[in-house]
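Peer 1: Would you be able to build a 3D model of this:
(one chain, ligands or ions: 1)
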Amino acid sequence: MKPLAEHKTRLILEEGCLDKKGELLLSLGERALILTGKNGAVRSGALADAIAALSANDQTFRIFDKISENPTTEVCREAAKEALNARADFILAIGGGSVMDAGKLVALLAATGEESGIDGFTDDLLYSADLSEAACLPIAVVGTTAGTGSEVTNIAVLTRNDGTKKGISAPCLYPAIAFADTRYTESMSPLTTCSTGLDALCHLLESYFSEEFDPRAEAICLEGISLAVGNLLHLQESEAYAKRSEFRKKMHKASLLGGYAIDLCRTAFPHMAGYALTEKTGLPHGLATALFLPVHLALAEEFMPERAQKMEKECGFSCQDISKLADSLVLSWLFVGDWHLSEDLLHGEEGRYETAANRKRTPSVPDAEELLDLAKERLSLVLSS
Ligand SMILES: [Fe+2]
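Peer 2: Model (predicted):
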């Protein structure tokens with residue numbers, strides 16, 4: 001088991017935290033490179049609050065706002081060069097999981113200290129290197145969604161030059177400080193609210209029903225599952241429920257608990273299977289992942305019956321209850337967007353299923369062929385419904 005002391009993120013879950021605790025940023029240096037996407041940081045009010053905190057600290061900053069959903073390693077290289085030009089001491093990532101994950105890679109690349117070092121950190125090197133001793137610029141994050149959990153993990157999932165998504169992790173990638181103000185999540189669209197909520201649910205369930213389950217994650221998962229499922233059941237009944245602050249607070253907490261869970265247990269089959277759909281169609285990560293959650297839960301029920309019974313006893317929901325909920329929410333959005341979903345999206349996935357560590361965490365560790373067949377069957381069933 002990993003020593004818990006390895007967890008270095010100082011999480012501040014409090015309304016107005018940037019205003020009240022913004023001086024903590026002083027410990028990270030004098031100059032920040034702020035990373036954002038196009039809209040979320042501004043719309044949520046988080047960027048304005050972060051700038052006010054930096055200004056109150058007499059810290060300077062430059063803004064790089066080109067991080068999009070499913071960010072590429074290439075845009076991270078561009079941002080890392082911007083960090084060098086700005087002589088940034090630290091990275092301040094403001095946004096959802098995409099921006100936070102990009103912030104982690106930017107911090108790693110910028111720590112090379114030279115543009116040639118950034119270019120030299122090719123995808124091949126990045127994904128094969130032993131990063132256990134790697135150094136990063138310090139990272140602070142301000143989340144604007146409730147789902148990723150990236151605030152408290154040392155994981156960054158990026159899209160590589162070949163178009164595939166894959167995660168890296170390293171001890172240095174833990175954000176030093178995570179400002180978690182639930183008010184920033186209130187500006188999420190209904191689609192993002194649902195998709196990110198499902199992402200959090202998957203993090204919790206993939207961790208709880210993992211072949212590499214870490215017992216320290218048990219209480220975290222059970223509390224998170226209760227919160228996430230209870231909330232998503234309300235969301236299923238009425239989209240208006242998401243406007244309530246009670247919903248936002250609970251989903252935000254569930255999302256952070258999901259982050260702690262995957263920090264200990266990592267993700268499993270649904271995340272691995274969902275990547276292909278996101279890469280090839282742009283289907284939002286949470287929807288793509290949750291589409292495969294019922295397969296994971298069916299395997300869990302069969303091969304981890306004691307853990308499934310414990311969840312039902314403690315949380316009041318069975319694997320089948322949760323599968324039905326996930327199905328209903330995924331289907332409510334799946335055919336709304338212009339995602340061009342088709343059954344052949346899983347063609348050519350054999351290599352990923354063979355090599356990804358996610359398969360080894362899936363209940364009963366099915367072989368790659370068997371798991372890919374289950375995924376194809378599932379996709380076909382959903383598309384015909
Ligand atoms: Fe995820």
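
Peer 1: Helix, strand or coil: sort out residue 157 for me.
Peer 2: When classified by DSSP: H, G, I helix; E, B strand; the rest coil, residue 157 comes out as strand.

Peer 1: just residue 34 next, same as before
Peer 2: Residue 34 ends up strand, using three-state DSSP.

Peer 1: what's around it, how many residues?
Peer 2: 24 (other Cβ atoms under 10 Å). Placement of C-beta: from N, CA and C, glycine included.

Peer 1: the strands in this protein, which residues?
Peer 2: 10-13, 31-36, 60-64, 90-95, 139-143, 155-159, 165-169, 177-180 (DSSP state E).

Peer 1: residue contacts, residue 32?
Peer 2: For residue 32, the residues meeting the contact criterion (Cβ atoms under 8 Å, 6 or more residues apart in numbering) are 25, 54, 59, 60, 61, 62, 88, 89, 90, 91, 92, 140.

Peer 1: May I have the beta-bridge partners of it?
Peer 2: With DSSP bridges as the criterion, residue 32 is bridged to residue 61, residue 90.

Peer 1: May I have the predicted confidence score for it?
Peer 2: The score at residue 32 is 98. That number is its pLDDT.

Peer 1: what's the distance between it and residue 50?
Peer 2: Note on residue 32: its distance to residue 50, by Cβ to Cβ, to the nearest Å, is 9 Å.

Peer 1: which neighbours do those two share?
Peer 2: residue 92.

Peer 1: which of the contacts of residue 32 has the most neighbours?
Peer 2: residue 91 (32 neighbours).

Peer 1: was I right about that residue contacting residue 103?
Peer 2: Yes - Residue 91 lies in contact with residue 103 (Cβ atoms under 8 Å); the separation is 4.9 Å.

Peer 1: what domains does the record give for the chain?
Peer 2: Under automatic domain parsing, the residue ranges defining each domain of the chain are 4-184, 189-383.

Peer 1: Could you list the low-pLDDT ranges of the protein?
Peer 2: 1-7 (pLDDT under 70).

Peer 1: in it, which residue is closest to the centre?
Peer 2: residue 148 (2.9 Å; Cα atoms, centre = their mean).

Peer 1: Setting aside sequence neighbours, what's the nearest residue to that residue?
Peer 2: residue 97 (2.9 Å; Cβ to Cβ, 6 or more residues apart in numbering).

Peer 1: circling back: Serialize the contacts of residue 32 to TSV and add fields for distance to residue 199.
Peer 2: Listed next are the contacts of residue 32 as TSV, based on distance: Cβ to Cβ, whole Å:
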residue	distance to residue 199
25	27
54	29
59	32
60	34
61	29
62	30
88	29
89	31
90	27
91	23
92	23
140	22
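
Peer 1: quick one: which of those is nearest residue 107?
Peer 2: residue 91 (4.5 Å; Cβ to Cβ).

Peer 1: ok, now which ones touch the closest one?
Peer 2: 32, 33, 35, 83, 103, 106, 107, 110, 137, 138, 139, 140.

Peer 1: Tell me the one of these nearest residue 162?
Peer 2: residue 106 (20.3 Å).

Peer 1: What is the burial count for the closest one?
Peer 2: Residue 106: 33 neighbours (other Cβ under 10 Å).

Peer 1: and it, what does it touch?
Peer 2: 33, 35, 76, 79, 80, 83, 91, 93, 137.

Peer 1: Residue 363 touches residue 208, doesn't it?
Peer 2: No - checked against Cβ under 8 Å, the pair residue 363 and residue 208 is beyond contact range at 10.5 Å.

Peer 1: Going along the chain, name the helices of the stretch 151-300 of the chain.
Peer 2: 190-208, 218-237, 245-265, 269-281, 285-290, 293-303 (DSSP state H, counting those that start in this stretch).

Peer 1: Against which helices or strands is the fifth one packed?
Peer 2: Based on contacts counted as 3 or more Cβ pairs under 8 Å, 6 or more residues apart in numbering; DSSP states H and E, the elements that helix 285-290 packs against are helix 190-208, helix 269-281, helix 319-334.
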